[in-house]
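Engineer: generate coordinates for the sequence data below:
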Amino acid sequence: MLNDEEDAGTDICQLLDQLKLQFNDVATWKPEIIMSCISSKSGKVEEIDICSKMLHTETCNFFKGNSECNIKFDPAQYNGINSFDKLKSDIIVACRKSGFKATTDNRQYRKQKGSKLASFQIICDHNRSSQLPKGKNKIYNTTRPLCEEKRCAFEFNVFCSKDDGFWYISNTDPTKVCHNFHIQHSQEFIESKINLLSPDLLSFAETCFSLGLPTSVISHLCKAYSQNQSEFTDNQLRYKIMKERDKEIVKDLSQYKNLSSAEALINDFENCKEEVYYCELIHSKKYFSEMFSSFFVQNTIEIQEQT
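Structural biologist: Alright, predicted model coming up:
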């Protein structure tokens, strides 16, 4: 009986070892990130897998400042510092289609440094530090690795050249264009960033919300409306919709230059076409002083009239 238990334990250990090996094989992969770039052969704009071109080679297609580059983005779409946000958003969307969630870290700037007008670093979401920010002691959902050794090394640098104002990717080490310690996902299982919500899709979500639909249903409708190009949770949509509603309430603050934000908000309530019920709580020394003076004078007059 003892020998049977030992054999069963050995079989389980061998099975676990095989599963670990299979997972390690699946968890190491190279993505295909398709973007509009200038072809080094034809000189025309083509849809190119940037991961296959950003490796260090003996020759490079472009040499900008101190950076060797094989990738130059379409100048018609991305030109100058004003394209900073658009290019970053487009790359993050392309990464999501490729099977992983991308983000940026603090290595980004929008002012000239040497031969670069602007720059940002694209990293895999699993490449973030495993150490949580201060004050984040409670347990919450995260894709951060459990330890520093399990961080995915995928990252690359995008910059705008001072010479021509065009955008390039610096050639990088081969080890940094492969993913490690996590598997590739289908894009519908990768959450989109809420700041990538387009005005058209936001308008659609607000219309659904005004009809009384729950945000859990709106989330699925937005996914269908965008033809599976976006994946926003109901919490993300609720936050964005309420934030836009708050902006609508206080958008006219500029016309009340001499009023506080609270006074301007009350003014909007009073001028609202619909009937609004609200309670106004005032804490002001000046207000109570004036109110007390008025009360004192009024009661003094009444006493004098009675006498």
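Engineer: what sits up against the longest strand seen in the chain?
Structural biologist: Scanning the chain for the strand with the most residues, using DSSP state E, yields strand 116-124. By C-beta atoms under 8 Å, 6 or more residues apart in numbering, the surrounding residues in contact with strand 116-124 are 65, 67, 80-81, 84, 88, 91-92, 95, 100-105, 107-111, 113, 152, 154-162, 165, 179, 182. Placement of C-beta: from N, CA and C, glycine included.
Engineer: report the backbone C-alpha coordinates of that strand in PDB.
Structural biologist: This file holds the C-alpha atoms of strand 116-124, laid out as PDB (Å, rounded to 0.1, in the frame of the first residue of the first chain):
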ATOM      1  CA  LYS A 116      15.000  64.100 -29.600                       C
ATOM      2  CA  LEU A 117      11.900  66.300 -29.500                       C
ATOM      3  CA  ALA A 118       9.800  63.800 -27.500                       C
ATOM      4  CA  SER A 119      10.000  60.200 -26.400                       C
ATOM      5  CA  PHE A 120       8.100  57.400 -24.700                       C
ATOM      6  CA  GLN A 121       8.700  53.800 -23.700                       C
ATOM      7  CA  ILE A 122       6.200  51.100 -24.500                       C
ATOM      8  CA  ILE A 123       6.300  48.200 -22.000                       C
ATOM      9  CA  CYS A 124       4.300  45.000 -21.400                       C
END
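Engineer: and the next helix or strand after it, which strands flank it?
Structural biologist: Moving toward the C-terminus from strand 116-124, the next helix or strand (DSSP states H and E) is strand 155-161. Sheet pairing of strand 155-161 (DSSP bridges) gives strand 116-124 (antiparallel), strand 167-170 (antiparallel).
Engineer: ok, which of the ones you listed comes nearest residue 41?
Structural biologist: Residue 41 lies closest to strand 167-170 among the strands paired with strand 155-161, at 17.3 Å (C-beta to C-beta).
Engineer: winner for burial among the strands paired with strand 155-161?
Structural biologist: By mean neighbour count, with neighbours taken as mean count of other C-beta atoms under 10 Å, strand 167-170 ranks first of those at a mean of 25.
Engineer: can you give me the domain boundaries for this structure?
Structural biologist: Per the record, the chain has its domains at 34-133+140-189, 194-249, 260-306, by automatic domain parsing.
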